[in-house]
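Participant: Sequence first, predicted coordinates after that:
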Amino acid sequence: MNNKIPTEPIGSIPRPRALIDEIARIGDGTDPALEPFYREALQDTLRRFEETGSPVITDGEQRKYHNFWTYSVHGLANTAPDGFSIPFAAGHMRRMPRLTHGPFRYLRYADRYLEEAMSRTHLPVKQAVISPSALSLMYPADGIPGYPREAFIEDLLSEHTTEVRRCLAKGAHAVQIDFTEGRFAVKADPSGELPLGEVDLNNLALARLSTAERTRVGVHTCPGGDRHSTHSADVPYAELLPSLFQLNVQNFYVALAGEKDRPSVLETIRTHLRPHQRVFVGVVSPSEPRVETAEDVRDRILEAARYIPIAQLGTTDDCGFAPFCDDLSTTREVAFAKIRARIEGTALAEQVLNQARGP
């Protein structure tokens, strides 16, 4: 019996330049005047995804303004702009909004993006959502009078679970929880307490889902990706992965292509991956300007297969190609060329691995 290696994208695709320019001109990504630009961006993204031969696609996060991180809360009246910040190696910084008073509620759920994408393609669509641990950083360290952290966490978990269930109910192929701040948390708190607390928080949310629902949910981790830069690539994966695989899900999407020492990361994965779990390893790097060849991808998969059982192996991109809507560092052409290389390289690796197994 031949082994099939599943392959899925992570999420974002660079927006068309016309959309980026129009958002900059108007100054508000939610302005109704942008509707034709968003619609065209989505249609073009889905068409290009289909042309790559991808068995599973995303909407490219074309409508997520301003980014993958705060799309659900952007524009909330009870926030201020001076929240938690993450510096990137290139020297720039991204900042979250700060919650000023309760209650905490989402302004929008990601199923709205999923529903539109599914109406425009025949292919399975996965939906990325932000982790509750990431949004927990909106709560200020000195607290909010009359709205204790415990009340905030309860509201946060409720909103996150609602979003995941809405996506599953509308037919998402999978829901991917973006836990991209996990590695940065190790950097921010070398004691290890912060990342462990974030895993616990995400597990509290996952515990509210049924066993059947969790089979269609996965978690993504990476060292960040923005303008060909990362926020935590200097943090050894060994300080995060052991706790990551304690999350109560079956699927993990782990950035790997951009790692300097892939064998050591794969050894850590082999040590901590549990029998019921599957790991989609990153085989193309959005932070690398060069477009990988199908043969590059094949070789990275064969390397991974020396550590991970084929039945537990999948492939993906290291991270989204443009998680922030103003990112011009990667073109749409490069992003889809890398995706095509992932798909073709995965097929090549399947052939090699199945031939090695024999009839």
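Facilitator: That came through, no problem.

Participant: What are the boundaries of the helices in the stretch 51-200 of the chain?
Facilitator: Under the criterion DSSP state H, counting those that start in this stretch, the stretch 51-200 of the chain contains helices at 111-118, 132-135, 149-169, 182-188, 193-206.

Participant: Mean neighbour count and mean pLDDT for the ones you listed - can I get that in a markdown table?
Facilitator: C-beta here means a position set from N, CA and C on the backbone, and glycine is covered the same way. A markdown table is the format used below for the helices of the stretch 51-200 of the chain (neighbours: other Cβ atoms under 10 Å; pLDDT from 0 to 100):
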| stretch | mean neighbour count | mean pLDDT |
| --- | --- | --- |
| helix 111-118 | 20 | 98 |
| helix 132-135 | 24 | 94 |
| helix 149-169 | 18 | 97 |
| helix 182-188 | 23 | 72 |
| helix 193-206 | 19 | 80 |
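
Participant: Mind checking the ones you listed for the one nearest to Tyr307?
Facilitator: Nearest to Tyr307, of all the helices of the stretch 51-200 of the chain, is helix 182-188, at 19.8 Å by Cβ to Cβ.

Participant: Can you dump the C-alpha atoms of the closest one in CSV for me?
Facilitator: Output in CSV follows, covering the C-alpha atoms of helix 182-188 (Å, rounded to 0.1, in the frame of the first residue of the first chain):
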residue,chain,number,x,y,z
GLY,A,182,5.2,30.5,21.4
ARG,A,183,8.9,30.6,20.6
PHE,A,184,9.1,34.3,21.3
ALA,A,185,7.6,33.6,24.8
VAL,A,186,10.7,31.5,25.5
LYS,A,187,12.9,34.5,24.6
ALA,A,188,10.8,36.9,26.7
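
Participant: which helices and strands does that helix pack with?
Facilitator: Counting by 3 or more Cβ pairs under 8 Å, 6 or more residues apart in numbering; DSSP states H and E, the packing neighbours recorded for helix 182-188 are helix 193-206.

Participant: out of the helices of the stretch 51-200 of the chain, nearest to Leu42?
Facilitator: Once the helices of the stretch 51-200 of the chain are compared by Cβ to Cβ, helix 111-118 is nearest, at 6.7 Å.

Participant: What is that closest one packed up against?
Facilitator: Judged by 3+ Cβ pairs under 8 Å, 6+ apart, helix 111-118 is in contact with helix 35-51, strand 127-130, helix 149-169.
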